[in-house]
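build me a model:
(2 chains)
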Protein chains: 2
Amino acid sequence: VSRNNLKVVLASRPAGAVGESNFRFVEAPVADPREGELLVRVDWLSLDPYMRGRMNEGKSYAARVELGEVMVGGAVGTVVASRHPKFAEGEKVLGAFGWQRYAVSDGQGLMRLPDPRLPDTVWLGAAGMPGVTAWMGLRLIGEPKAGETVVVSAASGAVGSVAGQLARIAGCRAVGIAGGRAKCDYAVKELGFDACIDYKAGPIDGPLKAAAPSGVDVCFENVGGEILDAVLRRVNPGARVALCGLISGYDGADIPIRNVFLLLVNRVRLQGFIVSDRMDLWPGAMTELAGHVAAGRIKYRESIAQGLESAPRAFIGMLKGENFGKQLVKVS
Amino acid sequence: VSRNNLKVVLASRPAGAVGESNFRFVEAPVADPREGELLVRVDWLSLDPYMRGRMNEGKSYAARVELGEVMVGGAVGTVVASRHPKFAEGEKVLGAFGWQRYAVSDGQGLMRLPDPRLPDTVWLGAAGMPGVTAWMGLRLIGEPKAGETVVVSAASGAVGSVAGQLARIAGCRAVGIAGGRAKCDYAVKELGFDACIDYKAGPIDGPLKAAAPSGVDVCFENVGGEILDAVLRRVNPGARVALCGLISGYDGADIPIRNVFLLLVNRVRLQGFIVSDRMDLWPGAMTELAGHVAAGRIKYRESIAQGLESAPRAFIGMLKGENFGKQLVKVS
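I've put the predicted structure just below:
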């Protein structure tokens, strides 16, 4: 079978906000898999904020994407040809296939979808990397105890929504921060947050005080900047801040942490973490998260962009908070 | 015996930098100890940066000093009268006697000097609260491993000098930051730091890169502001920042943490701590530190102000870095 691949490559590094011109579409014939390889047709591509960091020249979480290279990305696909002993044609797999229609793999880092009873996309969201990120930040850094107050920024997003629901499962008061009334309503009514603050509606200090009357014990931070500043003004002694993301500063703006004296006085522990540092914890976390999803204890929502051609625009929108829930691209 | 007490009380709360007018001297007759109490003549008063926080209206590490109250402070004194079963006249004791010549105590929180072979003042310095602070920040947060690089700000001070020497004892490269050539020379030649950077000689980025060629694994932070910013620009993945003090911001200036993205990318753990939170660790830490001092592995230097009357000026000077080593007041 002769197939044509379509790839999205990094055309230039963004100076500030990402634009569509930073990407380029490249068509190329698909190579047949060699002995020990398999060919995957990408069905679903995950778009995640960490990808913004990979577009920069400098050091980020991990290796940057080089100019002309395919953009990195987790994806779910279907094996369409295999000369690999462990994967058969027709199987659905999860892997770092990138922003493209087809990927050749030697099987490293590839995983069969763990539970066919759940939707394929859950492994890119609530039971995948974003969910494991939420799980890891809460378990390793947040360490929420029943009765404590956990504040989650970007609360309706792929990571934040799971962080908030895990906080509720742990017996905590979950307070979300999100942009817009619709996202806040969703966080409270669908996801079960105890309260959610719309940061677009004005300064959040007052609403945060009302929503977290006993102060903040855990902050799961995805945004940074003014939102983190406001949360730090309400931290309790011994509070923990899981620094997961700083989407407000991904375009290069300086977003200092203010209220540093409060970090000292309240003996706050603030820790950055990256989910790929602890691959040993992924299997257990995915199993636990999938169980919560199957039982309806963790809910999620998806924004789906149609076709690989829409990936750049969807990614740019996501960085501005235009998505609602987990951002995916339906590739095939 | 009729004795007159002299006390230094808080006259007003500083608006910005502390001035002598924020203090007032009060004379008063000394009350005789009642049953279960003892009277202590204060010999040595310790001056420490944390006292600045206690002068503020707002929340600090602990309860503020109220207007008209004696300034808080650790001290070494001699029991001059006792109706307490556990303390006898003539014994030397360590306690929170405050800025005054005499103190009445019910024995709570009082400690006989643990080892008469060491100088009395060591229990206010290297083997006392400042030393335990250094010990705790390194052990609980810094967790230095042999071969790592530990940066210590205010390196010649009571806390920093012990932190650096403990880092050396742990097999680490110790890099100090201090104000002025004399303090830096002392840190390297006397205390055994591997290098020390004079922040008054210009921007520290270049010297820090030279002094910490493998990057920074642990930061023991006493200062904050530009010094912490520069250190964060050099942190290695997995670095730990023990946030012990922020003397650059004690007068109320906003001293934000910049380079927050580097905290995230490098999975830095930044944690504020307060030595009084873990009183359970003090006895072991003091014993260990006293052993290091006795063996000559930990050295220290003292700035001694003569007479209680000099306490306000000495305190103000210490906040500006005018002291050299542990600041004490010889009260009696």
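
and the gap between the residue in the stretch 201-332 of chain A positioned nearest to chain B and B:F273?
Here the stretch 201-332 of chain A gets closest to chain B at one residue, A:P256, 3.5 Å apart by CB to the nearest CB. For the C-beta atoms, the positions are set from N, CA and C on the backbone; glycine is no exception. A:P256 sits 22 Å away from B:F273, going by CB to CB, to the nearest Å.

over to A:I141?
From A:I141 to B:F273 the distance is 16 Å (CB to CB).

A:D198 now?
Distance from A:D198 to B:F273, by CB to CB: 35 Å.

contact partners for the residue nearest to the spatial centre of chain A?
In chain A, the residue lying closest to the centroid (CA atoms, centre = their mean) is A:P130, at 4.0 Å. By CB atoms under 8 Å, 6 or more residues apart in numbering or on different chains, the contact list for A:P130 reads A:S46, A:D48, A:L124, A:G157, A:A158, A:V159, A:V162, A:K326.

ok so, going back, burial of the residue of the stretch 201-332 of chain A closest to chain B, as a residue count?
When neighbours are counted by other CB atoms under 10 Å in any protein chain shown, A:P256 registers 18.

ok, it - contacts?
B:P256, B:I257, B:R258, B:V260.

now it: closest residue in space that isn't a chain neighbour?
In this structure, A:P256 finds its nearest non-sequential neighbour in B:P256, 3.5 Å apart by CB to CB, 6 or more residues apart in numbering or on different chains.

same thing with A:A17?
A:D251 (5.1 Å).

gap between that neighbour and A:I227?
In terms of CB to CB, A:D251 sits 16 Å off from A:I227.

neighbour-wise, which of those two wins?
Under the criterion of other CB under 10 Å, the comparison of A:D251 against A:I227 puts A:I227 first, with 24 against 14.

what does the more buried one show for phi and psi?
phi -70, psi -40 (degrees, to the nearest 10).

that one reaches A:V152, doesn't it?
No - with contact defined as CB atoms under 8 Å, A:I227 does not reach A:V152; the gap is 10.7 Å.

between the two, what contacts are shared?
What both A:I227 and A:V152 touch, as defined by CB under 8 Å, 6+ apart, is the set A:I177.

what about A:L6, which helix or strand?
strand A:4-10 (DSSP states H and E).

does the worst-scoring helix or strand of chain A on mean pLDDT come close to chain B?
When each helix and strand of chain A is scored by mean pLDDT, DSSP states H and E, helix A:260-265 comes last, with a mean of 89. Yes - Helix A:260-265 reaches chain B (CB under 8 Å from any CB of the partner chain) through A:V260, A:F261, A:L263, A:L264, A:V265.

now render those as JSON lines, adding neighbour count.
Converted to JSON lines, the residues of helix A:260-265 next to chain B look like this (neighbours: other CB atoms under 10 Å in any protein chain shown):
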{"residue": "A:V260", "neighbour count": "25"}
{"residue": "A:F261", "neighbour count": "24"}
{"residue": "A:L263", "neighbour count": "23"}
{"residue": "A:L264", "neighbour count": "23"}
{"residue": "A:V265", "neighbour count": "20"}
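
sorry, back to before: enumerate every residue touching the residue nearest to A:A17.
Counted by CB under 8 Å, 6+ apart, A:D251 has contacts A:P14, A:G16, A:A17, A:V18, A:R52, A:L319.
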